[in-house]
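Enquirer: Got a predicted structure here, sequence first:
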Amino acid sequence: MKTKKILVATSGGDCPGLNAVLRAFVKRATAEAGWEVWASLQSFNGLLGTPRRLRKLDRQCVSGIHVKGGTLIGTTKESGPFNWPVHNPDGTIVYLDRSDEMVALCGELGFEAVVNIGGDGSQKMSLRLFEKGLPVIGIPKTIDNDLDATDVTFGFQTAVDIATEALDRLVSTAESHNRIQILEVMGKHSGWIALHAAIAGGAEICLIPEIPYDIACIRKFLDRRFDNGNGKCFAVAIVAEGAMPQGGAPCVSAQTHANISAKLTGAAERFASELKRTGETASIRSTILGHVQRGGTPAAYDRILSAQYGVKAFEMVKAGEFGRMAALQNGRLSSVPLAEATRQLKRVDPRSDLVNVARSINICFGD
Ligand code: F6P
C-alpha cells in the first residue's frame, strides 16, 4: 500500500492547546494503515529553509503532550512563503514570494494534504496557498477568539481563566489599599478575553476595542461607586490591549519588523494617565498580563476542543475537504470555507446579549 503523507504546521503566536491538537491529529491519522504525519518546524519555515527541518510525528512522540503549553513543533510569525526575507550584504532585506515554490515542493515531497493550525493571519495564508493549488486544511487557533465562522477557537478559554484568576487577585489587593487596579489583557482587535474575564472576575470597568470609551463617563461612574456610602472605595478595570478612547486610536508600542503588524501595549497605562488627568485622587496601579495568557497548560475545555479539531481535521483530509477550516458551529463540529472564516474578524457586538448582561451587572464600558 502506498504511504499517504500529511504535513502539519503550527503558525503565528502560540496558544494553549496546540499540542493537544497535534496529539489528537496524529493519534487519529496513524490509527489508519498507510498514513504518515510530518511536521514542518517553526511553521512553514522548516519546509522552506536550508537545511530543511521536517519531523515525522508518531504516536510515541505525541504521547502525553496534551497537557503541555507551547507547541512541540515550534511556531513563528516571521518569514513564511509570502514574505521570505533575504539579507543582502549591504544590510538591506528583500522579501520574496516563495509560495509557488512551496506548493510545488509539497507535491514533490509527496504530501497529499497540508494542515495549518493558526489564527486569522495564518488562515489567510492557508487560503492564498489553497488558491495556488495546495491541498490545505485549517484548524482555528487563537486566544483572541476573533476568527470568524466558528463559535470558538481553542486557547481562548484558557486565556479567560488566566485573566479571571489575575482579576481575582487584583480585587483583593485593590480592596486592601482602596486602589484602582487596571489589568491589560490581549485582544488587538477584539475584546473577547476582556469581556468574558470582566464578567467572570467581577470587574467594574471593561474597555474593549469595539466600544471606544469616554474618560469623563468612567470618572462619573467611579465617583458614584466611591460616594454612594456602600464602603466600596476600590475598583478593578480590565482593558483589552486594543482599547481606545472615543476619537482616538489603539496604543501602538513598537513595530519590530516591517512585515509584522505593530505590537499593541500601553492601553492600561494610558487609561491610568487619562484618569489622573480628570483629577482622580485614588491611587492607581496597572498590570500587563501579556504572554502569561498564552503559556502553560491548557484548560480542560481547550483540551477537549483541541481533540475535536484534531480528529475533525483528519476526517477532512480523508474526505478531501481542502480549502476549508475545521469549525464548531452551534456546538457541532463542521467545516467552513477558509474564505468565509477569514473574510472578517469576529468582534464583540456592542448590542449582544453578553454585553447587555455585563451592563446589567453594572460593568461600565465607558460609553
Ligand atoms: O494574536 C494573538 C495575540 O495574542 C494578540 O492578542 C497579541 O497582540 C499578540 O498575539 C502578541 O503576540 P506576539 O508578542 O507574539 O507578537
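Expert: Yes, it's here. Just so it is clear, the structure is predicted and the values come from calculations on it, not from any experiment. Numbering: from 1, shown residues only.
Enquirer: Which positions in the stretch 51-200 of the chain make contact with the ligand?
Expert: Where the stretch 51-200 of the chain comes near the ligand, counting by CB under 6 Å from any ligand atom, the residues are 77, 119, 142-144, 186-188. Any C-beta I mention is one placed from the backbone N, CA and C, and that applies to glycine too.
Enquirer: quick one: which two of these are the most distant?
Expert: Maximum pairwise distance in those, criterion CB to CB, is 16.8 Å, between 77 and 187.
Enquirer: So those two - more neighbours on which side?
Expert: Under the criterion of other CB atoms under 10 Å, the comparison of residue 77 against residue 187 puts residue 187 first, with 31 against 18.
Enquirer: Does that one belong to a helix, a strand or coil?
Expert: coil (DSSP: H, G, I helix; E, B strand; the rest coil).
Enquirer: For it, which non-adjacent residue is spatially closest?
Expert: Closest residue in space to residue 187, ignoring its immediate chain neighbours: residue 240 at 3.6 Å, by CB to CB, 6 or more residues apart in numbering.
Enquirer: The one you found: what's it in contact with?
Expert: Taking CB atoms under 8 Å, 6 or more residues apart in numbering, we find residue 240 in contact with 184-187, 190-191, 193-194, 207-209, 267.
Enquirer: again, only using 7 Å
Expert: Residues in contact with residue 240, defined by CB atoms under 7 Å, 6 or more residues apart in numbering, are 185, 187, 191, 193-194, 207-209, 267.
Enquirer: Could you do residue 20 as well?
Expert: Shown in contact with residue 20 (CB under 7 Å, 6+ apart): 66, 298, 303, 306-307.
Enquirer: about what we covered before: can you redo the residues of the stretch 51-200 of the chain next to the ligand as JSON lines with distance to residue 220 and pLDDT?
Expert: Output for those, formatted as JSON lines (distance: CB to CB, whole Å; pLDDT from 0 to 100):
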{"residue": "77", "distance to residue 220": "41", "pLDDT": "93"}
{"residue": "119", "distance to residue 220": "37", "pLDDT": "97"}
{"residue": "142", "distance to residue 220": "35", "pLDDT": "97"}
{"residue": "143", "distance to residue 220": "33", "pLDDT": "98"}
{"residue": "144", "distance to residue 220": "31", "pLDDT": "97"}
{"residue": "186", "distance to residue 220": "29", "pLDDT": "97"}
{"residue": "187", "distance to residue 220": "25", "pLDDT": "96"}
{"residue": "188", "distance to residue 220": "29", "pLDDT": "93"}
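Enquirer: what would the contacts of residue 240 look like in CSV with secondary structure?
Expert: Listed next are the contacts of residue 240 as CSV, based on three-state DSSP:
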residue, secondary structure
185, strand
187, coil
191, coil
193, helix
194, helix
207, strand
208, coil
209, coil
267, helix
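Enquirer: any idea which of these is closest to the ligand?
Expert: residue 187 (5.5 Å; CB to the nearest ligand atom).
Enquirer: For the stretch 201-350 of the chain, what lies in contact range of the ligand?
Expert: So the stretch 201-350 of the chain meets the ligand at 241, 263-264, 294 (CB under 6 Å from any ligand atom).
Enquirer: ok, and the closest non-adjacent residue to residue 359?
Expert: Going by CB to CB, 6+ apart, residue 359 has residue 365 as its nearest residue, at 7.2 Å.
Enquirer: Just the pLDDT for that neighbour.
Expert: What the model reports as pLDDT for residue 365 is 98.
Enquirer: Point out where this structure drops to low pLDDT.
Expert: Within the chain, the set of residues satisfying pLDDT under 70 comprises 254-261.
Enquirer: centroid residue for it?
Expert: Residue closest to the average C-alpha location in the chain (CA atoms, centre = their mean): residue 142, at 2.4 Å.
Enquirer: I'd assumed residue 122 was in contact with that residue.
Expert: No. Counting by CB atoms under 7 Å, residue 142 stays clear of residue 122, with 8.9 Å between them.
Enquirer: joint contacts of those two?
Expert: Residues touching both residue 142 and residue 122 by CB under 7 Å, 6+ apart: none at all.
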